[in-house]
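Colleague: What shape does this take:
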Amino acid sequence: YALVNQMLYETFVLQIESFLVTTDAEVFDFSSLRTQVLHLRNIGDFFADRVTLLNEEITGDKWLGEIQDLCSKHFSNGRDFGKLKYCVEIGVVPSATKTDIRKAFKEKARLYHPDKIGNDTSSGDAGLMFRRVKEAHDNLLSSDHLKSPDRSRAFDEVLKGIGGKLRTLSKRFMEEQQYGFAEKLL
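Modeller: So this is what the prediction gives:
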C-alpha cells in the first residue's frame, strides 16, 4: 500500500516539475502546455479531494502525507484543508459546496438521529454520532471558503506570466530575424 502511494507521489511530482521546466523553456508549444495544465489540474483536484481525506482517515502513511502537502501547496483553491476531520465525519470532499454538505448531513442525520433509531441499546452511540455529524455540518457551513470561494485554479500565476513571456520572445525573435522561432510562438 505504501509503495503505491510512493509511486503516486513521485509520478505527480515529476509531472509538476516537467510542467514547470516547460514553462521556463526558451521555445515551447502553447497547446502542449495547456494540455499539461489541464491534466495536472484534473489529477491535482482528484488528489486534493480524495487522497487528503484518505490521509485523514488512515494516519501514519508517509506518502499520503507527502501527497497532501503537495496538494496544499498547489491545489488548495476552494478547499479548506483545516476542516478535513469534519469532511471525513460527514462524508464530503474538501471542495464540497453548501448543497453537497447539506445533502450529506441529511443522509447521516437519518442514520444516527436518536428519534429515528428508537430505544435501541446502541442509541447512546447513535446520539454521540449524531452530535458529531451535526458539529461537522455546522463547522463546514460556517467555513470561510464557502462564503468567498477562491476562483483561481492551480498554476494560474504561471499561465498569466506566459503572455508576457510570449510577447518578449516574439519581439526578440523578430528583431533578430529568427522568423522560424517567432512563427512557432505564434
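
Colleague: which residues are contacting the longest helix seen in the chain?
Modeller: In the chain, with assignment by DSSP state H, the single longest helix is helix 2-24. The contact list for helix 2-24, computed with Cβ atoms under 8 Å, 6 or more residues apart in numbering, reads 28, 32-33, 36-37, 39-40, 43-44, 47, 51, 61-64, 66-67, 70, 74, 155, 158, 161-162. The C-beta positions use only the backbone N, C-alpha and C, and glycine is treated the same way.

Colleague: out of these, which are inside helices?
Modeller: Going by DSSP H, the helices hold 32-33, 36-37, 39-40, 43-44, 62-64, 66-67, 70, 74, 158, 161-162 from the contacts of helix 2-24.

Colleague: Just the buried ones from those residues?
Modeller: With neighbours counted using 16 or more other Cβ atoms under 10 Å, those contain these buried positions: 33, 36-37, 40, 43-44, 63-64, 66-67, 70, 74.

Colleague: Identify the residues contacting the residue nearest to the spatial centre of the chain.
Modeller: Centrality entry for the chain: nearest residue to the mean C-alpha point is Ala48, 3.1 Å, by Cα atoms, centre = their mean. Taking Cβ under 8 Å, 6+ apart, we find Ala48 in contact with 71, 75-76, 79, 94-95.
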